[in-house]
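Colleague: heads up, no residue letters with this:
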């Protein structure tokens with residue numbers, strides 16, 4: 001009951017509305033989108049959403065207690081899903097759709113609970129690293145080595161996926177999250193025509209863009225756009241555009257050899273970009289999770305520091321949202337250090353590119369790693385200067 005009361009209080013403070021009205025307007029998916037902020041709210045002792053300030057009394061409750069409260073809230077949300085994602089409360093939808101939606105929400109709750117509670121199980125130096133949720137430079141370099149597609153000319157023995165078709169698809173999925181901050185559900189909604197060039201520029205230079213929005217095949221794809229502000233168009237590199245074109249034209253569909261010896265790609269009714277390799281159907285979120293489970297296992301197998309609980313490079317798991325975290329932090333570095341923006345302006349631009357609403361606290365949350373690293377670097381410079389003077 002304490003956990004549920006704290007969650008109700010969090011919704012009331014953030015939205016100036018009761019949980020009941022918020023749930024009625026936004027549904028289960030809207031409630032799930034608030035869980036990251038609720039976790040941060042607990043971590044700073046229920047003092048509000050802005051977590052970029054630190055103090056000796058920042059954590060009002062133990063981390064183990066915080067994770068237990070989050071788990072209790074998930075138990076409550078599973079009850080709400082079983083009760084309200086039914087034909088009794090959604091009589092305008094067909095029973096088959098309601099059952100499918102209830103299952104998808106169950107998976108979303110399971111994955112989100114694993115994401116928010118994993119780092120609280122081990123409280124050591126490694127657990128502090130996990131709380132940042134973004135990859136370190138070492139982890140990022142290791143991850144890029146793991147996901148490099150394997151080819152006949154240049155095989156990648158680190159990659160757990162041995163075929164070009166599968167490893168190239170997974171490479172695109174990972175880099176869209178890591179380099180452009182796409183959410184897992186947004187990646188699943190991409191279609192074969194979501195990326196296009198724009199040649200009508202005043203300077204005559206061709207630019208390339210990818211559009212993040214709803215898809216035409218919504219009934220057969222698992223994924224969602226979180227808010228109205230999540231619909232956006234992002235500029236991508238020419239290399240990434242070429243990679244996407246190569247995947248669609250050469251690898252997306254399986255090549256079938258006919259009886260006369262000729263080859264053709266298998267038939268596919270779906271316009272979804274990323275398909276299962278077993279059949280020409282869109283990837284499910286469960287399949288996507290399996291991909292990242294195997295990538296995490298490969299990281300632990302080939303990089304001992306990442307598998308070592310005593311190392312600051314230890315990583316429990318790698319998943320799309322961790323890559324999105326990494327993108328957000330790297331964006332702040334780029335905007336502040338290279339573009340010379342103020343931290344406030346940088347977070348505003350991050351909000352737009354990341355597809356967060358004006359009320360979202362996530363840009364501040366992602367800024368925590370950036371500010372902590374800058375503070376550590378400044379302190380290290382001070383220490384080294386003091387040694388020089390000795």
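Modeller: Great, that's in hand. Just so it is clear, the structure is predicted and the values come from calculations on it, not from any experiment. Residues are numbered from 1 along each chain as shown.

Colleague: Show me which residues of stretch 262-278 are buried.
Modeller: 268, 270, 272-275 (16 or more other CB atoms under 10 Å). All C-beta spots, glycine's among them, are computed from the backbone N, C-alpha and C.

Colleague: Just name the closest of those to residue 180, please.
Modeller: Nearest to residue 180 out of those is residue 273 (CB to CB; 13.8 Å).

Colleague: mind pulling up the phi and psi values for that closest one?
Modeller: phi -70, psi -50 (degrees, to the nearest 10).

Colleague: For the stretch 1-150 of the chain, which segments are assigned as helices?
Modeller: For the stretch 1-150 of the chain, helices defined by DSSP state H, counting those that start in this stretch occupy the ranges 2-15, 19-32, 35-43, 63-84, 95-117, 125-132, 137-147.

Colleague: hmm, back to that, of the buried residues of stretch 262-278, just say which sits nearest to residue 141.
Modeller: Once CB to CB is applied, the member of the buried residues of stretch 262-278 that ends up nearest residue 141 is residue 274, at 24.9 Å.

Colleague: Measure how buried the nearest residue to residue 104 once chain neighbours are set aside is and give me the count.
Modeller: With CB to CB, 6 or more residues apart in numbering as the criterion, residue 104 has its nearest non-adjacent residue at 5.8 Å, and that residue is residue 222. Residues lying near residue 222 (other CB atoms under 10 Å) number 21.

Colleague: ok, now residue 241?
Modeller: If you count neighbours by other CB under 10 Å, residue 241 ends up with 18.

Colleague: And it, how far from residue 195?
Modeller: Per CB to CB, to the nearest Å, residue 241 is found 6 Å from residue 195.

Colleague: which residues do the two both contact?
Modeller: Taking CB atoms under 8 Å, 6 or more residues apart in numbering as the contact rule, residue 241 and residue 195 both touch residue 208.

Colleague: still on that earlier bit, go through the buried residues of stretch 262-278 and flag which are in strands.
Modeller: Among these, no member falls in strands (DSSP state E).

Colleague: Include mean pLDDT and mean neighbour count when you put the helices of the stretch 1-150 of the chain into TSV, please.
Modeller: Listed next are the helices of the stretch 1-150 of the chain as TSV, based on pLDDT from 0 to 100; neighbours: other CB atoms under 10 Å:
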stretch	mean pLDDT	mean neighbour count
helix 2-15	88	16
helix 19-32	87	15
helix 35-43	78	21
helix 63-84	85	16
helix 95-117	79	17
helix 125-132	47	16
helix 137-147	94	18
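
Colleague: Could you pull out the helices in the stretch 201-350 of the chain for me?
Modeller: 238-246, 285-302, 304-307, 320-333, 343-354.

Colleague: Tell me which of these is the most buried.
Modeller: helix 320-333 (a mean of 22; mean count of other CB atoms under 10 Å).

Colleague: Give me the contact list for it.
Modeller: 115, 132-135, 140, 173-174, 177-184, 187, 288, 292, 343, 346-347, 349-350, 353-354, 362-363, 366-367, 369-370.

Colleague: switch to 7 Å and redo it
Modeller: Helix 320-333 is contacted from outside by 115, 133-135, 140, 174, 177-181, 183-184, 187, 292, 346, 350, 353-354, 366-367, 369-370, using CB atoms under 7 Å, 6 or more residues apart in numbering.

Colleague: In this protein, where is pLDDT below threshold?
Modeller: 43-64, 91-96, 118-133, 199-202, 217-219, 261, 366-369, 372-373, 375-377, 379-390 (pLDDT under 70).

Colleague: Point to the residue nearest the middle of this structure.
Modeller: residue 321 (2.1 Å; CA atoms, centre = their mean).

Colleague: any idea how far it lies from residue 289?
Modeller: Residue 321 is 11 Å from residue 289, by CB to CB.

Colleague: swap in residue 232?
Modeller: With CB to CB as the criterion, residue 232 and residue 289 are 25 Å apart.

Colleague: quick one on the thing from earlier: dump the buried residues of stretch 262-278 to a markdown table, plus distance to residue 299.
Modeller: Output for the buried residues of stretch 262-278, formatted as a markdown table (distance: CB to CB, whole Å):
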| residue | distance to residue 299 |
| --- | --- |
| 268 | 32 |
| 270 | 31 |
| 272 | 28 |
| 273 | 25 |
| 274 | 22 |
| 275 | 25 |
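
Colleague: ok, residue 233 - how many residues close by?
Modeller: Residue 233 has 13 neighbours, counted by other CB under 10 Å.

Colleague: Tell me if I'm right that residue 169 and residue 272 touch.
Modeller: No: if you go by CB atoms under 7 Å, residue 169 and residue 272 don't touch, sitting 11.9 Å apart.

Colleague: Which parts of the stretch 101-250 of the chain are strands?
Modeller: Taking DSSP state E, counting those that start in this stretch, the strands of the stretch 101-250 of the chain run over residues 195-198, 207-212, 232-236.
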